[in-house]
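Visitor: below is the sequence, then the predicted model.
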Protein chains: 4
Amino acid sequence: MRIGVVGASGYAGLELLRLLAAREGDRVTLITSRQEAGRGLTDFFPAFSAMAGYDGLKFEEPKNMAGRADVFFLATQHGAAMALVPELLDSGAKVIDLSADFRLNDSQNFKKWYAEHTAPELLGEAVYGLPELYAEGIKKARLVANPGCYPTSVILALAPAIKAKIVDYSQTLVADSKSGVTGAGRGALISNSFCEVQDNFKSYKTVGHRHGPEIVQELSKLAGDGIKLAFTPHLLPINRGILTTAYFRLKGEASLGSLRELYRDFYRDARFVRLRGEGQDPQTADVRGTNFCDIGLYHDPESGLFKAVSVLDNLCRGAAGQAVVNLNLMTGKPEAFGLDRPALRP
Amino acid sequence: MRIGVVGASGYAGLELLRLLAAREGDRVTLITSRQEAGRGLTDFFPAFSAMAGYDGLKFEEPKNMAGRADVFFLATQHGAAMALVPELLDSGAKVIDLSADFRLNDSQNFKKWYAEHTAPELLGEAVYGLPELYAEGIKKARLVANPGCYPTSVILALAPAIKAKIVDYSQTLVADSKSGVTGAGRGALISNSFCEVQDNFKSYKTVGHRHGPEIVQELSKLAGDGIKLAFTPHLLPINRGILTTAYFRLKGEASLGSLRELYRDFYRDARFVRLRGEGQDPQTADVRGTNFCDIGLYHDPESGLFKAVSVLDNLCRGAAGQAVVNLNLMTGKPEAFGLDRPALRP
Amino acid sequence: MRIGVVGASGYAGLELLRLLAAREGDRVTLITSRQEAGRGLTDFFPAFSAMAGYDGLKFEEPKNMAGRADVFFLATQHGAAMALVPELLDSGAKVIDLSADFRLNDSQNFKKWYAEHTAPELLGEAVYGLPELYAEGIKKARLVANPGCYPTSVILALAPAIKAKIVDYSQTLVADSKSGVTGAGRGALISNSFCEVQDNFKSYKTVGHRHGPEIVQELSKLAGDGIKLAFTPHLLPINRGILTTAYFRLKGEASLGSLRELYRDFYRDARFVRLRGEGQDPQTADVRGTNFCDIGLYHDPESGLFKAVSVLDNLCRGAAGQAVVNLNLMTGKPEAFGLDRPALRP
Amino acid sequence: MRIGVVGASGYAGLELLRLLAAREGDRVTLITSRQEAGRGLTDFFPAFSAMAGYDGLKFEEPKNMAGRADVFFLATQHGAAMALVPELLDSGAKVIDLSADFRLNDSQNFKKWYAEHTAPELLGEAVYGLPELYAEGIKKARLVANPGCYPTSVILALAPAIKAKIVDYSQTLVADSKSGVTGAGRGALISNSFCEVQDNFKSYKTVGHRHGPEIVQELSKLAGDGIKLAFTPHLLPINRGILTTAYFRLKGEASLGSLRELYRDFYRDARFVRLRGEGQDPQTADVRGTNFCDIGLYHDPESGLFKAVSVLDNLCRGAAGQAVVNLNLMTGKPEAFGLDRPALRP
């Protein structure tokens, strides 16, 4: 299989290349980067030297790509993907879009949070690439909209309870999320400089972050009704990792034991979700560099609320790793192909 | 004034010594540490060399202390202070206790969360040392119970709204708190080792942390009724700092503008609370090494909830700095005496 | 092949298990830990859950191990290995010792720096496991002494120049090394706690570190004569990585170009040494989690000295990764078997 | 006294403002920043809110400054200061230049490393602002060239030995220096972004850093002859701090004891140099936020070389703090005025 990575010099693109290096039989035939066009991959990113045949790859401009690969990953800024996708699909290629361009089902909603959509006719076709929810659709898809990192984290933490319709919505859902800095992408910004981030912590876009509507869309589908959720992103002084602490009330006399049982059933076949046992708090380091999402469940007798804590690696499970699972599903490979290594810890 | 610091080799004790070095006219006459007894302060902690006359100080055993100082700070483990306080008070000294021993008003509640109280007769006398709420009581106190770091952070974030009785408690309060590692004290634990904390993030004591009942006690007093609150502590890979994100619903048609006005009034005379303007997210680095608590207020139109984000330095405002303000109030000094330096940033 | 890991709950042991998870056809049949005996591996270290069949493994006491594996890795404290090795060799197993017990050739030297040796008769048989120098011996060895992390870093930086006898020893060699915290092992020490290491930097054992004599022994062999070297270790606030800056004078009119040529020849067949080009400074992050050693060479026209900068991952190339290469060589596998993934970066 | 800070929005400028906040009786009357002109200081840098009257200050363009202050600190990029200094001196003001513009005595040397000098007539007048060496000159100076951070670190580590003419120069001096990221200034560069620096370490400008000639100039003056030195800067993943490990050979039968004695004499009156005792390794955290330079001395019996390790805070002792000492000396104040607080640690 020939694979193309568009926007390969950003962190999600580089993470794709890291994971694709492990796929015997497949080959990266095209990498693009407007900023680094003409430059050798391993000159730009020496960590890939002497690995996977990457020494020969050069970044190209993202032009005339149709026919150069059988599958394209788009790891571009929001807005760029929707301009490229129609032509790539027409060429017969499959496309996995890591940007937000095809995640929102409704073009008006997309316009509100991002911009005017230029390929709205594809919004209906794109499959939301969360394998635990949509594996069947993904297997048949030409175009997969790879979920955002925060949405993956929040949805996996809440999906079983919401789907089972046991949540009491008189308590508005709260999802308090904390992300590592790679989530902001690879760019030269003072706000992401070491001296501003190190030994510091803050919330940002404390209301109005664009992953909010994506989360609400997906959870509402599961609930079968519009749900409300207060979502807050924070910036952690770590490279990789998202932890979400979700707070919710359950109807009636729900117990932690029955909630655990429910989650266990829901994720029984999920290769990349690990439910943590009692007293085992999920940690971002346990999933670093992997596609796992670890989830802990808690009941707080003082307040009566339940808590779900999920952790994942925003670059891997929250972007490139999940995209590779989608590739595997779309091409009939085992779900974990190329993703079978434990976390690097510490 | 002669000052004694009991438990001076822990992080709170050392922070007290850092702050006390700035007080012209006062003198540290006694430092104790069971672990380091006999050792010179600056041999143990060279950062204090050639400063404030500290080269001559030696740690002593915490014995026969009555009469050695006019004011005692107790920066001991929970349980040790209640054994020392009666004798020190009897000697005529004032006592500021940084441990939890005198924070809970009810001895049964103390027993539930800590241990049997050995000086319950003083629980009624001890004043909860949060200056924004209890300045008048503190000024007249012999014994001040210095608040916990998390409680300070949560209470300052919510007090104005709760006191004004505008909170709608059909939505259980949520306080999602994140703390730096110094909050765990200075001890040799694998769980606090660099390799376990660096580039990692987790919740811990995800339900049942002992600061929960302290928060509930104080907020209930402000509310005039028992309140419920879901509180979750997390461990940040930073040295100092706590950030709390609090979520709450307001009654009726409350606006962000009127909430801001309310907070501004409440903290009008508070030297060490800074309300951040619109679009200015509080950051832990802005208060590092200081007694400030910075607060941001937000309204989330999607969910209808309000958010308050507070930041403080857990060692300074959350322990030693607040204790020094209490000393100032108890001894008729200006509130900010010895605390008038800006944050070290970056 | 059945593999045993003795001392598996330390960082080097865990890193071995991380790497061994990638070996199809081989199986870890025994893991020991005196501290964690009886505990399940993935209960102790959840990062390994749902991976490589590790959920079924339990730590055992390091007793009666002969016959339980075909190859044993010893990742124990210094002193423990020499008590175990004779019996394991007698059972017909191969042994790769990651401790210092068999690195020094001379029992008197070992006694000076460590302790009385209890198996001195094996000192002559043990092969120093640095594949770039001793691949042929390693292939035939029963017992490999896996090099220390600092020695690997210093020797790889200097070996080509020293072997070629172009170094002018009127300038005493300097090796200024900086290591991440995992190098100190997994233990509860205040000196390795987050609050002491984070945002801090220091030298330690500034003279007299025990890796010094190991370096001198190996470089002297290459030089064909006793060499002198000033070696200084420092503690970096990072998890993994060693960087060594070596300073040396060359005889006559040596040029940087000819030195580069010499190194290129020396490392022509070295799968895991990467010479960096002009202007490319080696970075520890480029080798994180890998077996690579990246080397940069420099000539300083102001002082006339040459500099070699090497980086490696102390847990991987400096311990477990190199041990796995040795396993590959000892068992006829390709050198890079199980080690073919790029660095996790960032 | 009225004080102006030119280039006040960079890290050195902000550190000056932090330190100047502690000076009763003096007043900051002018702050400039081309990038932030028009913006309020505490809007830009909220850490200064409610402190030192800084809420009223606004950044201005660096124009028409003569007469606006009695003393000017120039914390500008190299090249900008030499254009401003003549006019400021003409107005009768004193000037402390934190840039490199007046550090090199020879305009040809300046041209080689920086650019054509536009005020070479002042090179002879400018006093190199290292108080331990040039206090008398500084007291009488109109123009002080504040030393670079690396040069301060290297010079203080070596000055006593070199001045005493006991160094054996057949061994070329080595100064291996490691700096925190604030040393690179406050700018938006990918190379200084959190994701590139965190958990990483490298040398940079491994040969040819511009602080090299400054060090050589000053050490040669002390030696009474041209000396040679191999200097290597490295980038530490910490905010503040420089540690230099210097290696040198002494003539004849020098002992560590006599070397210690020599340093003790040399720094007897130095308020801000602390010689560490035997077995006490200097740590950057011990000097964070202070003007101290801590020095450890070592003799390595294996190699015969001596080592001096110095630590300082690059923003404080390496820039703003030293500049404030120079201000104190130039204006007849006690050397430590406004600099009398211990390090923030941890």
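Guide: Cool, the structure landed. For clarity, every value in this text was computed on a predicted model and none was experimentally measured.

Visitor: just say helix, strand or coil for A:Arg317.
Guide: Three-state assignment for A:Arg317 (DSSP: H, G, I helix; E, B strand; the rest coil): helix.

Visitor: residue contacts, it?
Guide: By CB atoms under 8 Å, 6 or more residues apart in numbering or on different chains, the residues touching A:Arg317 are A:149, A:152, A:272, A:287, A:290-293. Any C-beta I mention is one placed from the backbone N, CA and C, and that applies to glycine too.

Visitor: from these, which single one is nearest chain B?
Guide: The closest of those to chain B turns out to be A:Val287 (CB to the nearest CB; 10.5 Å).

Visitor: run a quick neighbour tally on that closest one.
Guide: Neighbour count for A:Val287, taken as other CB atoms under 10 Å in any protein chain shown: 30.

Visitor: can you show me the strands along chain A?
Guide: A:2-6, A:27-32, A:59-60, A:71-74, A:94-97, A:127-128, A:143-145, A:173-179, A:202-203, A:229-235, A:242-248, A:273-275, A:293-299, A:306-312 (DSSP state E).

Visitor: CA atoms only: put the fifth one into CSV for me.
Guide: It refers to strand A:94-97. In CSV, the C-alpha atoms belonging to strand A:94-97 read as follows (Å, rounded to 0.1, in the frame of the first residue of the first chain):
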residue,chain,number,x,y,z
LYS,A,94,-9.1,6.7,0.6
VAL,A,95,-8.8,9.7,2.9
ILE,A,96,-8.3,10.0,6.6
ASP,A,97,-8.6,13.7,7.6
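
Visitor: enumerate every residue touching A:Ser170.
Guide: By CB under 8 Å, 6+ apart, the contact set of A:Ser170 is A:249, B:170-171.

Visitor: partner residues bridging A:Ala145?
Guide: Counting by DSSP bridges, A:Ala145 is bridged to A:Asp97, A:Tyr128.

Visitor: what about it, how many neighbours?
Guide: 28.

Visitor: wait, isn't it in contact with A:Glu125?
Guide: No - using CB atoms under 8 Å, A:Ala145 is not in contact with A:Glu125; the gap is 9.9 Å.

Visitor: could you find the closest non-adjacent residue to A:Ser33?
Guide: Once flanking residues are discounted, A:Ser33 sits nearest to A:Ser9: 3.7 Å by CB to CB, 6 or more residues apart in numbering or on different chains.

Visitor: what's the separation between that neighbour and chain D?
Guide: 11 Å (CB to the nearest CB, to the nearest Å).

Visitor: how many residues are close by that residue?
Guide: 22.

Visitor: how about the helices in the stretch 1-150 of chain A?
Guide: According to DSSP state H, counting those that start in this stretch, the stretch 1-150 of chain A carries its helices in the segments A:11-20, A:41-44, A:81-90, A:107-113, A:131-140, A:149-163.

Visitor: tabulate those helices (TSV), appending distance to chain D, mean neighbour count and mean pLDDT.
Guide: Listed next are the helices of the stretch 1-150 of chain A as TSV, based on distance: least, CB to the nearest CB, whole Å; neighbours: other CB atoms under 10 Å in any protein chain shown; pLDDT from 0 to 100:
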stretch	distance to chain D	mean neighbour count	mean pLDDT
helix A:11-20	7	26	98
helix A:41-44	11	18	97
helix A:81-90	23	19	98
helix A:107-113	26	15	97
helix A:131-140	27	17	98
helix A:149-163	15	26	98
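
Visitor: wait, which of those is closest to chain C?
Guide: helix A:11-20 (5.3 Å).

Visitor: what's that closest one in contact with?
Guide: Helix A:11-20 is contacted from outside by A:3, A:5-8, A:26, A:28, A:31, A:33, A:41, A:45, A:48, A:52, A:54, A:73, A:75, A:98, A:182, A:185-186, A:315-316, A:319-321, A:323-324, A:338-339, C:341-346, D:195, using CB under 8 Å, 6+ apart.

Visitor: give me the buried entries from the residues you listed.
Guide: Neighbour counting by 16 or more other CB atoms under 10 Å in any protein chain shown classes A:3, A:5-8, A:26, A:28, A:31, A:33, A:41, A:45, A:48, A:52, A:54, A:73, A:75, A:98, A:182, A:186, A:315-316, A:319-321, A:323-324, A:338-339, C:341-346, D:195 among the contacts of helix A:11-20 as buried.

Visitor: any idea how many residues pack against A:Arg39?
Guide: By other CB under 10 Å, the residues close to A:Arg39 number 14.

Visitor: so for it, what's the pLDDT?
Guide: Reported pLDDT at A:Arg39 in the predicted model: 98.

Visitor: cool, and A:Gly53?
Guide: With respect to pLDDT, A:Gly53 has a value of 89.

Visitor: okay, now it: neighbour count?
Guide: By the criterion of other CB under 10 Å, A:Gly53 has 11 neighbours.

Visitor: picking up where we left off before, output the helices of the stretch 1-150 of chain A as TSV; include the columns distance to C:Phe110.
Guide: Below are those laid out as TSV (distance: least, CB to CB, whole Å):
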stretch	distance to C:Phe110
helix A:11-20	42
helix A:41-44	42
helix A:81-90	62
helix A:107-113	67
helix A:131-140	55
helix A:149-163	52
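
Visitor: and chain A, which residues reach chain D?
Guide: Residues of chain A lying close to chain D (CB under 8 Å from any CB of the partner chain) are A:11, A:181-182, A:186-190, A:192-199, A:237-239.

Visitor: I'd say A:Val41 and A:Ala52 touch.
Guide: Val isn't right for residue A:41; it's Leu. No - with contact defined as CB under 8 Å, A:Leu41 does not count as touching A:Ala52 (10.1 Å).

Visitor: quick one: name the residues of chain A near chain C.
Guide: Residues of chain A lying close to chain C by CB under 8 Å from any CB are A:11, A:14, A:18, A:21-22, A:45-52, A:54, A:182, A:198-199, A:239-240, A:271, A:274, A:276, A:280, A:283, A:285-289, A:292, A:294, A:340-346.

Visitor: for burial, what's the neighbour tally of A:Asp269?
Guide: 10.

Visitor: from A:Glu132, how far off is it?
Guide: With the distance defined as CB to CB, to the nearest Å, A:Asp269 ends up 9 Å from A:Glu132.

Visitor: same check on A:Ala285?
Guide: Computed as CB to CB, the A:Ala285 to A:Glu132 distance reads 22 Å.

Visitor: what's the answer for A:Thr290, then?
Guide: Distance, A:Thr290 to A:Glu132, using CB to CB: 15 Å.

Visitor: tell me which residues touch A:Leu88, please.
Guide: A:Leu88 sits next to A:65-66, A:72, A:95 when contact means CB under 8 Å, 6+ apart.

Visitor: A:His209 now?
Guide: A:His209 touches A:150, A:231-233, counting by CB under 8 Å, 6+ apart.

Visitor: among those, which pair sits farthest apart?
Guide: A:Tyr150 and A:Thr232 (10.1 Å; CB to CB).
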